[in-house]
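Undergrad: Sequence and predicted model, in that order:
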Amino acid sequence: MDLLATLGRTLGFSLAAGVNLYATVAILGLAAKYGWVALPEQFQAFNNDYIIIAAIVMYVIEFFADKIPYFDSLWDAIHTAIRPIGGAVIAVTTLGDASPGMKAMAALLGGTVAASSHLTKTSTRAAANTSPEPFSNWILSLGEDVFAVGLGYTALKYPVLALVIALVVLALIAVFAVVIVRLVRRWFARRRTAAQT
C-alpha cells in the first residue's frame with residue numbers, strides 16, 4: 001500500500017504540476033504547514049513560509065495570465081522548462097529517503113509526467129487561441145485550475161485514487177498524441193500528393 005500511495009502522490013503531483021505548478025506547490029506547502037492530512041516527513045520540505053507565499057503569489061499571477069489569449073501561450077512557453085523541473089523536484093521530494101538511483105528515476109518520471117501534461121495544456125491553449133472569442137480560454141483556464149487543485153487534493157487524501165486518475169489521463173494523452181501525429185502525417189501526405197499533380 002505504501003508503494004501505491006507513494007506512486008500515486010508522485011504521479012498525481014507531477015501531473016498536476018505540469019498543468020499548474022504554483023497551485024500544486026501551494027497545496028503541498030499549506031497541507032504540510034496546517035496538517036490537513038497525515039503526510040510522510042519528507043513533505044515538510046514544502047512547509048516554508050517563503051515557498052508558500054511565493055507559490056500563492058505566482059498562482060495569482062498565472063490565474064490572470066492564463067485568461068488572456070496569446071499571452072497565455074507566451075506564459076506557457078516560458079514555463080516549458082519550469083513545470084517539468086518542478087514536477088521532477090516534487091517527485092524526488094515525494095520519494096523521501098532513497099538511493100541516488102531511485103531519486104534519479106523519480107526525477108525522470110516526475111519530469112516526464114509534468115512535461116506530458118504541460119505540452120498537452122500548451123497545445124490545447126494554442127488551438128483555443130485560434131478562436132475569435134475569449135471565453136474558450138477562460139473555460140480552459142478554470143478547468144485547468146480545478147484539475148490541478150483537485151488532483152493535488154486527491155493525491156494528498158487518496159493517493160491510490162490519484163494513481164488511477166493519473167494513469168488514465170496519461171493513457172488519454174498518449175492516445176490523443178498518436179491520433180494527432182497520424183492526422184498531421186496524412187495532411188502532409190495529401191499536400192505532397194497535391195503538389196506533385
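TA: All right, it came through fine. Predicted model, so just to flag it, every value in this text is computed and none were measured.
Undergrad: Can you spell out which helices and strands pack onto the worst-scoring helix or strand of the chain on mean pLDDT?
TA: When each helix and strand of the chain is scored by mean pLDDT, DSSP states H and E, helix 159-196 comes last, with a mean of 87. Using 3 or more CB pairs under 8 Å, 6 or more residues apart in numbering; DSSP states H and E, the elements in contact with helix 159-196 are helix 2-34, helix 100-128, helix 135-157. No exception for glycine: its C-beta is placed from N, CA and C like everyone else's.
Undergrad: So which of these is the most surrounded?
TA: helix 2-34 (a mean of 23; mean count of other CB atoms under 10 Å).
Undergrad: before we move on, back to that, buried sites along the least confident helix or strand of the chain?
TA: The neighbour-count check on helix 159-196 (16 or more other CB atoms under 10 Å) flags 159, 160, 162, 163, 165, 166, 169, 170, 173 as buried.
Undergrad: any idea of the pLDDT on residue 134?
TA: Listed pLDDT for residue 134 reads 68.
Undergrad: hang on, I meant residue 68
TA: So residue 68 comes in at 84 (pLDDT).
Undergrad: Can you tell me the element it falls in?
TA: Per DSSP states H and E, residue 68 falls between elements, in no helix or strand.
Undergrad: Pull the contacting residues for it.
TA: Contacts for residue 68 were tallied using CB atoms under 8 Å, 6 or more residues apart in numbering; they are residue 137.
Undergrad: Please name the nearest non-neighbouring residue to residue 58.
TA: residue 22 (4.1 Å; CB to CB, 6 or more residues apart in numbering).
Undergrad: returning to that earlier point: mind checking how far the least confident helix or strand of the chain is from the chain centre?
TA: 18 Å (CA atoms, centre = their mean, to the nearest Å).
Undergrad: which regions of this structure sit below the pLDDT cut-off?
TA: Low-confidence segments of the chain, defined by pLDDT under 70: 1, 134, 197.
Undergrad: Pick out the residue nearest the middle of it.
TA: residue 18 (2.1 Å; CA atoms, centre = their mean).
Undergrad: hang on, isn't that residue packed against residue 90?
TA: No: assessed by CB atoms under 8 Å, residue 18 is found out of contact with residue 90, at 10.3 Å.
Undergrad: what is in contact with these two at once?
TA: Residues touching both residue 18 and residue 90 (CB under 8 Å, 6+ apart) are residue 114.
Undergrad: rewinding a little: just want the angle from the least confident helix or strand of the chain to helix 100-128.
TA: 50 degrees (axes from the mean of the first three to the mean of the last three CA atoms, to 10 degrees).
Undergrad: how about the nearest residue to residue 20, chain neighbours excluded?
TA: That would be residue 148: by CB to CB, 6+ apart, it lies 3.7 Å from residue 20.
Undergrad: what sits against that neighbour?
TA: Taking CB under 8 Å, 6+ apart as the definition, contacts of residue 148 comprise 16, 17, 19, 20, 23, 24.
Undergrad: residue contacts, the residue nearest to the centre of the chain?
TA: Counted by CB under 8 Å, 6+ apart, residue 18 has contacts 83, 84, 87, 113, 114, 115, 116, 117, 118, 119, 120, 121.
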